[in-house]
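Novice: What shape does this take:
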Amino acid sequence: EMDEWEEQTYGDPQPTISLVCATLTDLIYAKRRARGLMADIWEYEDEDRPHIRFTTIEKLKMHGVLAEDIWEEV
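Specialist: Next comes the predicted model:
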């Protein structure tokens, strides 16, 4: 699957996946689940590992999409 990405994007870096959760509880669960799934597939320092970040609707409404401090990385 990663080879297909390379072929289609001509070596461009992986996109950042931004997920907005309804509640803090949802965010915590989603981060744990994503972290576990990613650990099963990629090494921690693997450059092919996708970048996933999470926030809540409340933080997004207060600060906007471009605010760096609202996003939590996995």
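Novice: From residue 49, how far off is residue 59?
Specialist: From residue 59 over to residue 49 the distance is 24 Å, taken as C-beta to C-beta, to the nearest Å. For glycine as for every other residue, the C-beta is placed from the backbone atoms N, C-alpha and C.
Novice: which one of the two has more residues nearby?
Specialist: Neighbours of residue 59 and residue 49, each counted by other C-beta atoms under 10 Å, are more numerous for residue 59; the result is 19 against 15.
Novice: a helix runs through that one, doesn't it?
Specialist: Yes - the assignment for residue 59 (DSSP: H, G, I helix; E, B strand; the rest coil) places it in a helix.
Novice: For it, which non-adjacent residue is closest in space?
Specialist: Nearest residue to residue 59 in three dimensions, chain neighbours excluded: residue 70, at 4.2 Å (C-beta to C-beta, 6 or more residues apart in numbering).
Novice: Tell me who's in contact with the one you found.
Specialist: By C-beta atoms under 8 Å, 6 or more residues apart in numbering, the residues touching residue 70 are 55, 59-60, 62-63.
Novice: Please name the nearest non-neighbouring residue to residue 17.
Specialist: residue 52 (4.6 Å).
Novice: my guess is that neighbour meets residue 73, correct?
Specialist: Yes - Residue 52 is within contact range of residue 73, at 7.3 Å (criterion: C-beta atoms under 8 Å).
Novice: Which one's more surrounded, those two?
Specialist: Between residue 52 and residue 73, residue 52 has the larger neighbour count (other C-beta under 10 Å), namely 21 against 9.
Novice: for the more buried one, helix, strand, or coil?
Specialist: strand.
Novice: and if you look at residue 4?
Specialist: helix.
Novice: pLDDT below threshold where in this protein?
Specialist: For the chain, applying pLDDT under 70 flags the ranges 1-2, 5, 11, 44, 47.
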